[in-house]
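Enquirer: turn this into a model:
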Amino acid sequence: MNATMPKNTPESVSMINSCNESIMSGATTTQGPSGMYYLADAIDMMKAVNKQLTTENLSTVLRSVETLECILEKTVYNNTRTSIIAGSLVAHLFRAVSNFSGAIISASNEMVESDGVPINNSIVTVNLPKELLKPITNTTIVFCMITSPKLYEKLWVLDGRLVGLSVSNQKVSGLQDRVNISMLLQHHTVENKGDRQPSCQFFNFSSSTFHRDGCTTEWKKEEGIVVCSCDHLTYFAVLMMSPSISKKDQEILGYITVIGCSLSLFFLLVTVILYTSERCAGTDVSHKVHINLAVALILLNVHFLPSQQVATLSSTGPCIYIAVLLHYSLMATFTWTAIEGFHLYLLLVRVFNIYVRRYLLKLSLVGWGFPAVIVILIVIIDKNQYSRVTLHTSETNGTAVEMCYVSSDVVKLVTTVVLFGIIFLFNLCILAVTLSRLVFQRTPEEKGTTVNSICTILGITCLLGIPWGIIFFSFGQLTVPGLYLFCVLNSLQGFFLFLWFSMFRCKAKVSQPGSFTQSSQQ
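Expert: Numbers count the residues shown, from 1 in each chain. Now for the predicted structure:
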């Protein structure tokens with residue numbers, strides 16, 4: 001999960017086009033020789049940024065920080081190293097010599113040093129590798145620490161601390177020997193975060209979001225230290241994220257998903273074969289609705305199972321194909337579960353007024369046509385939305401998997417979470433009506449059919465896709481058990497559908513949910 005800052009305002013964007021312009025009122029800068037800045041200018045800029053830390057305009061503050069970083073890189077100073085402290089800001093500049101062999105920076109709220117000698121009350125220690133500069137010499141290495149708990153509390157930034165590292169006139173990334181940043185945690189702040197765990201992330205000024213790409217997290221609980229190892233330089237922070245599942249649980253869940261989906265695919269195919277071989281296959285509309293849901297699940301499993309393997313191929317064509325069909329089949333599955341709910345509504349609520357002309361044809365147009373329209377619109381707007389995507393399986397240990405799917409978070413949110421959320425609420429209401437009828441409106445002859453009623457409830461729950469809703473409750477302490485339950489029930493949905501179909505095929509009893517006949521509907 002990525003924490004997002006408010007987007008930049010047009011005013012702030014127009015005010016910051018280069019290091020030659022300052023966005024802080026009252027802070028003026030005068031460029032020195034060769035486009036450099038004097039030390040007094042850097043001090044004024046730091047004071048202005050420190051003043052802005054008391055505001056709630058996060059976009060303006062972070063743009064100011066970006067400008068400050070650029071100015072510090074171009075600041076002229078006499079000694080080999082110098083420190084600047086302005087309120088909640090601590091900066092340190094030092095020139096790298098030709099025989100640069102790495103450096104250690106230690107900082108507290110009152111002072112900062114880069115000579116490798118630890119300082120009292122140090123809260124941040126940075127180990128810079130020799131690889132950092134390579135052949136480049138006579139450059140300025142910039143360290144900047146910003147602390148503002150009030151400002152960053154809503155983003156779960158631990159202790160409200162950002163640590164920035166940069167090298168003048170050089171973009172550093174892809175380091176083999178990583179930069180290690182050790183941050184001392186205040187125990188009371190960790191306790192106040194509940195069950196959240198620290199995660200090292202960097203701030204992307206372009207997208208105004210935190211990301212964990214290129215960074216790993218090591219939490220030394222006994223020492224109260226978090227060590228961030230990153231392969232690039234920018235502004236870093238420790239975010240307190242919701243607890244992630246362990247690697248062992250991830251592996252087990254992966255096996256459950258693959259085995260369950262494979263079994264579902266097999267039994268779904270058997271279900272379709274059984275249906276087509278039945279003499280009464282064309283007499284029950286309910287069975288036809290069930291079979292359409294089964295076909296949607298077949299498409300979903302066929303394109304989900306190989307998605308990760310296809311994502312590893314160098315060719316993009318197969319991945320685009322899998323991404324499009326996977327997205328389409330997932331939406332089709334959701335749509336057909338909604339149709340199951342609508343069909344059940346007609347059976348239970350409108351039982352005396354159920355004639356609909358070309359009923360099954362209209363259902364099919366909605367069930368297969370609606371997802372197709374969404375996919376076509378996405379392709380027309382931006383065909384690159386379907387591609388290889390990285391899904392982070394853990395917020396704290398940085399593990400991730402690649403698969404072929406939709407790359408846009410907005411598209412995934414609207415067409416997956418929002419769409420299913422609406423369907424889930426509707427079908428939940430239908431399930432409640434069904435339960436009410438089975439429990440309170442049974443005839444005396446039906447009183448002794450408890451087992452049959454339970455099987456009916458479980459079957460309807462599966463048809464309506466209710467188990468998919470477990471994901472909405474898988475958070476906090478329920479994350480791991482919720483995910484296990486979600487994977488088991490949903491990966492075996494095809495198997496449960498097979499059992500339901502096997503129990504009730506070729507039965508056309510009006511009192512039994514699923515007895516909508518073709519003669520009255522088409």
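
Enquirer: so residue 54 sits in a helix?
Expert: No - judged by DSSP: H, G, I helix; E, B strand; the rest coil, residue 54 forms no part of a helix; its state is coil.

Enquirer: the closest residue in space to residue 424 that isn't next to it in sequence - how many residues pack around it?
Expert: Spatial nearest neighbour of residue 424, excluding adjacent residues (C-beta to C-beta, 6 or more residues apart in numbering): residue 469 at 4.5 Å. From N, CA and C alone the C-beta is placed, and that goes for glycine too. Using other C-beta atoms under 10 Å, residue 469 has 17 neighbouring residues.

Enquirer: Three-state assignment for residue 469, please.
Expert: With three-state DSSP as the basis, residue 469 sits in helix.

Enquirer: then residue 256?
Expert: Per three-state DSSP, residue 256 ends up helix.

Enquirer: surely the residue nearest to residue 424 and residue 422 touch.
Expert: No - using C-beta atoms under 8 Å, residue 469 makes no contact with residue 422, being 11.6 Å away.

Enquirer: quick one, phi/psi of residue 415?
Expert: phi -80, psi -10 (degrees, to the nearest 10).

Enquirer: quick one, what contacts it?
Expert: Neighbour list for residue 415: 327, 331, 374, 406 [criterion: C-beta atoms under 8 Å, 6 or more residues apart in numbering].

Enquirer: nearest to residue 497, of those?
Expert: Distance to residue 497 across these (C-beta to C-beta) is lowest for residue 331, with 18.3 Å.

Enquirer: burial of the closest one, as a residue count?
Expert: 23.

Enquirer: nearest residue to it in space, please, no chain neighbours.
Expert: In space, and not counting its chain neighbours, residue 331 is closest to residue 371: 3.7 Å by C-beta to C-beta, 6+ apart.

Enquirer: could you check the pLDDT of residue 493?
Expert: pLDDT, residue 493: 83.

Enquirer: repeat that for residue 40.
Expert: pLDDT, residue 40: 85.

Enquirer: just name the closest of the contacts of residue 415 to residue 87, please.
Expert: The shortest approach to residue 87 among these belongs to residue 406, at 44.3 Å (C-beta to C-beta).

Enquirer: now do that closest one, the pLDDT please.
Expert: pLDDT, residue 406: 89.

Enquirer: who are the contact partners of it?
Expert: 323, 327, 378, 385-386, 389, 412, 415.

Enquirer: now, those that are in helices?
Expert: Those of the contacts of residue 406 mapping onto helices are 323, 327, 378, 412, per DSSP state H.

Enquirer: how close does the last one get to residue 327?
Expert: Using C-beta to C-beta, to the nearest Å, we find residue 412 at a distance of 9 Å from residue 327.

Enquirer: between the two, which one's more packed in?
Expert: residue 327 (24 against 16).

Enquirer: tell me the spacing between the nearest residue to the more buried one once chain neighbours are set aside and residue 384.
Expert: Distances taken as C-beta to C-beta, 6+ apart place residue 406 nearest to residue 327, at 5.5 Å, with adjacent residues excluded. Per C-beta to C-beta, residue 406 is found 11 Å from residue 384.

Enquirer: same for the helix or strand where residue 162 lies, what does it pack against?
Expert: Per DSSP states H and E, residue 162 falls inside strand 161-167. Identification of packing neighbours for strand 161-167 by 3 or more C-beta pairs under 8 Å, 6 or more residues apart in numbering; DSSP states H and E yields helix 58-73, strand 124-128, strand 140-147, strand 179-184, strand 235-241.

Enquirer: now do stretch 236-245, average pLDDT.
Expert: 74.

Enquirer: over to stretch 114-124?
Expert: pLDDT averaged over stretch 114-124 gives 81.

Enquirer: quick check: buried residues in that stretch?
Expert: By 16 or more other C-beta atoms under 10 Å, the buried positions in stretch 114-124 come out as 114, 122-124.

Enquirer: and the residue nearest to residue 331, that's in a helix?
Expert: Yes - if the criterion is three-state DSSP, then residue 371 is within a helix.

Enquirer: distance of it from residue 316?
Expert: 23 Å.

Enquirer: those two: who's more crowded?
Expert: residue 371 (23 against 14).

Enquirer: quick one: the strands in the stretch 1-150 of the chain?
Expert: Remark: strands assigned in the stretch 1-150 of the chain by DSSP state E, counting those that start in this stretch are 37-38, 75-76, 81-86, 89-95, 103-107, 112-113, 124-128, 140-147.

Enquirer: most tightly surrounded among those strands?
Expert: Of all the strands of the stretch 1-150 of the chain, strand 140-147 has the most neighbours on average by mean count of other C-beta atoms under 10 Å, namely a mean of 24.

Enquirer: which strands and helices sit next to that one?
Expert: Here strand 140-147 touches helix 58-73, strand 89-95, strand 103-107, strand 124-128, strand 161-167, going by 3+ C-beta pairs under 8 Å, 6+ apart.

Enquirer: now the longest one: how far from the chain's centre is it?
Expert: Its chain's C-alpha centre and that of helix 58-73 lie 27 Å apart, by C-alpha atoms, centre = their mean, to the nearest Å.

Enquirer: got the strands of the stretch 1-150 of the chain as TSV, with distance to residue 259 columns?
Expert: Putting the strands of the stretch 1-150 of the chain into TSV (distance: least, C-beta to C-beta, whole Å) gives the following:
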stretch	distance to residue 259
strand 37-38	62
strand 75-76	60
strand 81-86	59
strand 89-95	54
strand 103-107	50
strand 112-113	54
strand 124-128	44
strand 140-147	49
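
Enquirer: residue 254 is nearest to which of those?
Expert: strand 124-128 (35.1 Å).

Enquirer: list the helices and strands the closest one packs on?
Expert: strand 103-107, strand 140-147, strand 161-167, strand 179-184.

Enquirer: only alpha carbons, please: show it as PDB.
Expert: Extracted C-alpha coordinates of strand 124-128, given in PDB (Å, rounded to 0.1, in the frame of the first residue of the first chain):
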ATOM      1  CA  VAL A 124      20.100   9.000  12.200                       C
ATOM      2  CA  THR A 125      23.200   7.300  10.800                       C
ATOM      3  CA  VAL A 126      24.000   7.100   7.100                       C
ATOM      4  CA  ASN A 127      26.600   4.800   5.600                       C
ATOM      5  CA  LEU A 128      27.600   5.900   2.100                       C
END
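
Enquirer: relative to strand 179-184, how tilted is that strand?
Expert: Using axes from the mean of the first three to the mean of the last three C-alpha atoms, to 10 degrees, the direction of strand 124-128 lies 170 degrees away from that of strand 179-184.

Enquirer: and strand 124-128, which strands flank it?
Expert: Paired strands of strand 124-128, with direction, are strand 103-107 (antiparallel), strand 179-184 (antiparallel) (DSSP bridges).
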